[in-house]
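Peer 1: Below are the sequence and a predicted model; questions follow.
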Amino acid sequence: MGMILQILFAVVNLGVTGLGAYWVYAATLGWHAPSITEQQLASEREALEKAHDAESDSGPLVYTMDKFTVNLSGEPKRTIRVEVNLEMLGKDGFEEVINSDNRAKARDKIVRLLNDKTFGELESIQGKLFLKDRIATVINGILDKGVVKDVYFSEFVVQ
């Protein structure tokens with residue numbers, strides 16, 4: 001009885017494995033790699049180069065905010081000194097962020113955001129990356145047309 005079960009198991013195992021191999025073979029049988037002509041490749045390359053040239057002509061628009069010195073929450077009492085640079089997606093957004101009303105709103109939002117943070121939250125790289133993401137989200141909430149592409153810290157000191 002035991003020998004019959006072993007043989008039956010081996011036959012079923014070979015059948016399932018063979019069926020799986022056939023299924024993979026049949027699924028890939030009619031597949032051909034997409035072909036592209038030299039003219040199509042050249043036109044795609046030109047379009048990419050034009051798009052890249054248009055982006056590089058304007059260059060990155062980075063707005064450097066004044067330095068922040070803010071008390072952190074939690075014990076022991078610590079302060080943070082940070083300089084925030086905002087990379088804007090376009091010229092309209094750059095002009096919008098340097099507007100005095102928006103600049104004051106942005107500074108206020110960042111100060112409140114930093115006040116809510118503890119040293120433990122900002123100590124790790126993940127904490128700094130999360131802070132950069134939160135700053136970009138908060139500033140994008142203030143702006144109408146502009147978009148913050150990235151946030152950079154040129155100074156980040158916690159004491």
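Peer 2: Nice, I can see it.
Peer 1: hmm, which helix or strand of this structure has the shakiest average pLDDT?
Peer 2: Least confident element among the helices and strands of the chain, by mean pLDDT, DSSP states H and E: helix 38-58 (a mean of 76).
Peer 1: By neighbour count, which bits of the next helix or strand after it are buried? Give me those.
Peer 2: Counting by DSSP states H and E, the next helix or strand C-terminal to helix 38-58 is strand 61-64. Of the residues in strand 61-64, Leu61, Tyr63 count as buried by neighbour count, 16 or more other Cβ atoms under 10 Å. For glycine as for every other residue, the C-beta is placed from the backbone atoms N, C-alpha and C.
Peer 1: how much space between Glu155 and Lys67?
Peer 2: 7 Å (Cβ to Cβ, to the nearest Å).
Peer 1: what is in contact with the two at once?
Peer 2: With contacts defined as Cβ atoms under 8 Å, 6 or more residues apart in numbering, the residues shared by Glu155 and Lys67 are Arg81, Val82, Glu83.
Peer 1: Now the helix ranked longest in the chain: average pLDDT?
Peer 2: Criterion DSSP state H: the longest helix present in the chain is helix 2-28. Confidence over helix 2-28 (mean pLDDT, whole number) is 89.
Peer 1: Over to stretch 132-146?
Peer 2: The predicted model assigns stretch 132-146 a mean pLDDT of 90.
Peer 1: Can you mark which positions in that stretch are buried?
Peer 2: So, applying 16+ other Cβ under 10 Å, buried residues of stretch 132-146: Lys132, Arg134, Ile135, Ala136, Val138, Ile139, Ile142, Leu143, Gly146.
Peer 1: Could you export those residues as TSV, including secondary structure and distance to Val24?
Peer 2: Below are these laid out as TSV (DSSP: H, G, I helix; E, B strand; the rest coil; distance: Cβ to Cβ, whole Å):
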residue	secondary structure	distance to Val24
Lys132	helix	45
Arg134	helix	47
Ile135	helix	49
Ala136	helix	45
Val138	helix	50
Ile139	helix	50
Ile142	helix	54
Leu143	coil	51
Gly146	coil	51
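Peer 1: Of these, just say which sits nearest to Asp116.
Peer 2: Taking Cβ to Cβ as the measure, Arg134 is the one of those closest to Asp116, at 9.7 Å.
Peer 1: Before I go, just wanted to say thanks for your time.
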